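**Student:** any chance you can model this:
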Amino acid sequence: MKLLFELDEKNYSQHMELLEKYAVRAIIKKGDKLAMQQGSSGEYKIPGGMVEPGEKYEDALYREVMEETGLLLDLATRKELGEVCERRRDMKCNKQIYVCHSLYYLCDITDKEVEPQRTESEILKGYQLSWAALDKILAVNHSMKLAPWIKRDTLFLEWFQNNMTC
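**Tutor:** Sure, this is the predicted structure:
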């Protein structure tokens with residue numbers, strides 16, 4: 001997949017252990033709105049998450065979107081958008097360099113929905129499915145102090161706004 005941009009906090013040293021992960025994220029459009037996870041603080045996050053060991057990207061994308069939003073992807077419509085690579089000191093173990101390759105896809109959904117199966121962390125942050133216009137998403141996220149994953153998604157959405165015809 002084409003690398004769109006990198007985010008490097010440069011808050012680590014090169015001799016630290018490397019923790020490398022892959023994640024998949026879905027841009028789902030309905031008219032002029034995007035399916036997002038919105039937290040109780042108001043921030044917007046793109047649905048998706050980590051690829052489990054041995055899991056195919058398309059299977060992880062389907063699973064993550066279903067678990068977080070209850071939406072079911074039509075994987076036949078999946079189109080690669082690009083990769084964003086993050087590099088920073090790991091937030092859980094400050095002796096590691098965290099490298100995350102986020103792979104973004106444009107996807108359609110089916111007419112069927114299921115009950116979301118959010119993680120404990122997602123429940124604590126109050127994440128819910130929200131359909132919102134891109135301008136609103138960007139305005140809200142820019143008005144807040146952003147966690148690294150929200151900053152990444154916001155920068156990707158700016159790239160999407162500037163590079164994709166909606």
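**Student:** any low-confidence regions in this protein?
**Tutor:** Applying pLDDT under 70 to the chain picks out residues 165-166.
**Student:** need phi/psi at Asp153.
**Tutor:** Note on Asp153: backbone dihedrals following degrees, to the nearest 10 are phi -60, psi -40.
**Student:** burial count for Lys79?
**Tutor:** 10 (other Cβ atoms under 10 Å). Backbone N, C-alpha and C define where each C-beta goes, glycine included.
**Student:** let me see the ranges of the strands in this protein.
**Tutor:** 3-8, 17-30, 33-38, 44-45, 48-50, 71-89, 96-113, 128-133 (DSSP state E).
**Student:** compile those strands into TSV and extend it with columns for distance to Ser121.
**Tutor:** Converted to TSV, the strands of the chain look like this (distance: least, Cβ to Cβ, whole Å):
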stretch	distance to Ser121
strand 3-8	21
strand 17-30	14
strand 33-38	12
strand 44-45	12
strand 48-50	11
strand 71-89	18
strand 96-113	16
strand 128-133	14
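**Student:** out of those, the one nearest Thr154 is which?
**Tutor:** strand 44-45 (8.0 Å; Cβ to Cβ).
**Student:** so what's the closest residue to Lys30 other than its chain neighbours bridging to?
**Tutor:** Leaving aside its chain neighbours, Lys30 sits nearest to Trp131 (6.2 Å; criterion: Cβ to Cβ, 6 or more residues apart in numbering). Under the criterion DSSP bridges, Trp131 forms beta bridges with Ala35.
**Student:** and Trp131, what does it touch?
**Tutor:** By Cβ atoms under 8 Å, 6 or more residues apart in numbering, the contact set of Trp131 is Lys30, Lys33, Leu34, Ala35, Met36.
**Student:** Pro47: which of those residues is nearest?
**Tutor:** Ala35 (6.2 Å).
**Student:** the closest one contacts Leu72, correct?
**Tutor:** No: under the criterion of Cβ atoms under 8 Å, Ala35 is not in contact with Leu72, lying 11.6 Å apart.
**Student:** those two: which has the busier surroundings?
**Tutor:** Legend: neighbour count by other Cβ under 10 Å for Ala35 and Leu72, higher for Ala35 (21 against 15).
**Student:** done for today, thanks.
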